[in-house]
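1. quick one, fold the following:
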Amino acid sequence: MAIQWFPGHMHLTKKAIGDRIKNIDVVIELLDARLPGSSANPMLAELTAGKPALKVLNKQDLADPARTVQWLAHYNHLPDTRAIGLDASVSAPAKALAKACFELAPNRGGNTKPMRVLICGIPNVGKSTLINTLVGKRATKTGDEAGVTKLEQRISLADDFYLYDTPGMLWPRIIVAKSGYNLAASGAIGRNAFSEEEVALELLDYLKTHYAPLVEARFKLTGIAALTEEALLSAIGRKRGALQSGNRVDLQKAAEIAIYDFRAAAMGRITLETPDEFAGWLAVGQKMDAERQVKKDAIELDRKIRFKKIPRPNSRDL
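-> Residues are numbered from 1 along each chain as shown. Got it, this is the predicted structure:
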């Protein structure tokens with residue numbers, strides 16, 4: 001899926017993060033526990049390179065617990081990185097976040113060296129809900145930072161712990177095709193940027209392979225592993241009464257049902273990728289992106305030769 005969705009305010013968010021990062025001790029990246037690899041922002045990784053990182057797998061109550069364990073182990077194995085899981089049932093999120101941050105930056109703390117933490121994440125990953133929980137129960141909002149009004153706010157979790165919040169930010173181009181589908185299924189991408197039917201088909205193709213019992217129980221179906229994803233979508237539509245005149249299945253409505261039930265965990269706790277799966281998808285995406293760049297550079301060189309009459313490079317110089 002080719003998704004190009006980078007609204008203007010995200011350029012401002014990128015600039016705000018770049019300006020703030022030099023004075024930050026720890027970067028918290030909120031990830032969707034149902035798609036941790038796909039919801040990790042590669043642009044953010046570039047902006048915050050060299051800073052200790054806390055990966056927070058949010059919405060873990062919606063995700064496959066066995067796969068959450070795999071992802072936590074994956075991130076905790078990385079240098080200068082910690083990973084924890086959070087969901088609505090965690091009664092003291094501020095305490096959990098602060099503990100992990102002080103493990104990453106043990107020399108910070110106290111009024112003379114307060115902990116300064118930047119929290120980031122893609123849209124709809126649950127960051128606003130978490131911030132509202134922190135503000136309402138554990139933290140005091142101290143006002144907007146000068147120069148980045150409406151882009152960043154500082155929250156005091158304690159006298160020596162400042163949390164800087166930024167709006168959700170996607171990246172300009174998604175090179176991992178599977179990530180595009182997973183992000184769309186999760187609700188991270190505006191619905192005008194994708195086809196629900198296409199996303200639902202990709203989602204069901206994965207679910208019938210990895211979570212067939214959950215899908216069968218939810219929609220009262222049997223033997224779905226033998227069905228194509230198109231046939232499965234049609235069967236779901238019939239079971240849920242998504243019919244048009246002539247007893248034809250309304251595939252658009254069926255797609256909306258499948259996507260909604262995934263987002264609401266109505267089928268059960270599901271995770272759409274493992275660390276190994278995502279690593280494989282990423283390798284393929286990076287290879288294709290490199291090939292695309294080579295073709296793009298060749299086209300640009302040819303354009304310059306034709307229109308600007310620059311010397312054609314000698315084969316010995318290539």
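
2. the chain: strands as residue ranges?
-> 26-32, 53-58, 81-85, 115-121, 140-144, 153-158, 161-165 (DSSP state E).

3. closest to Lys239 out of these?
-> With Cβ to Cβ as the criterion, Lys239 lies closest to strand 26-32 of the strands of the chain, at 27.5 Å. Just so you know, the C-beta spots here come from the backbone N, C-alpha and C atoms, and that holds for glycine as well.

4. now the strands of the chain as TSV including mean neighbour count and distance to Asp64?
-> Output for the strands of the chain, formatted as TSV (neighbours: other Cβ atoms under 10 Å; distance: least, Cβ to Cβ, whole Å):
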stretch	mean neighbour count	distance to Asp64
strand 26-32	26	13
strand 53-58	24	11
strand 81-85	20	12
strand 115-121	23	20
strand 140-144	12	35
strand 153-158	18	30
strand 161-165	22	29
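
5. hey, least reliable of those strands by pLDDT?
-> For the strands of the chain, the weakest mean pLDDT is recorded on strand 140-144, namely a mean of 44.

6. nearest to Ile305, out of the strands of the chain?
-> Using Cβ to Cβ, the strands of the chain put strand 115-121 closest to Ile305, at 42.7 Å.

7. got the angle for that closest one vs strand 153-158?
-> Orientation of strand 115-121 against strand 153-158 (axes from the mean of the first three to the mean of the last three Cα atoms, to 10 degrees) gives an angle of 130 degrees.

8. what's strand 115-121 packed up against?
-> Applying 3 or more Cβ pairs under 8 Å, 6 or more residues apart in numbering; DSSP states H and E, one finds that strand 115-121 contacts helix 8-20, strand 26-32, helix 93-104, helix 127-133, strand 161-165.

9. quick one: which of the ones you listed is nearest Ala265?
-> Going by Cβ to Cβ, the one of the helices and strands packed on strand 115-121 nearest Ala265 is strand 26-32, 12.3 Å.

10. the helices and strands packed on strand 115-121: which one's closest to Ile155?
-> Proximity to Ile155 (Cβ to Cβ) singles out strand 161-165 among those, at 4.4 Å.

11. by contact count, what packs against the closest one?
-> In terms of contacts (3+ Cβ pairs under 8 Å, 6+ apart), strand 161-165 is packed against helix 93-104, strand 115-121, strand 153-158.

12. check contacts around Ser179.
-> 35, 37-38, 278, 281, 285 (Cβ atoms under 8 Å, 6 or more residues apart in numbering).

13. who touches stretch 194-213?
-> 1, 3, 178, 180-181, 184-185, 214-215, 224-225, 227, 229-230, 232-233, 236, 251-252, 254-256, 258-259, 262, 267-268, 270, 272.

14. before we move on, the earlier item: could you dump the helices and strands packed on strand 161-165 into JSON lines with distance to Asp297 added?
-> Shown next, in JSON lines, are the helices and strands packed on strand 161-165 (distance: least, Cβ to Cβ, whole Å):
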{"stretch": "helix 93-104", "distance to Asp297": "40"}
{"stretch": "strand 115-121", "distance to Asp297": "32"}
{"stretch": "strand 153-158", "distance to Asp297": "42"}
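
15. domain map for this structure?
-> Domain assignment for the chain by automatic domain parsing gives 9-165, 195-263, 275-309.
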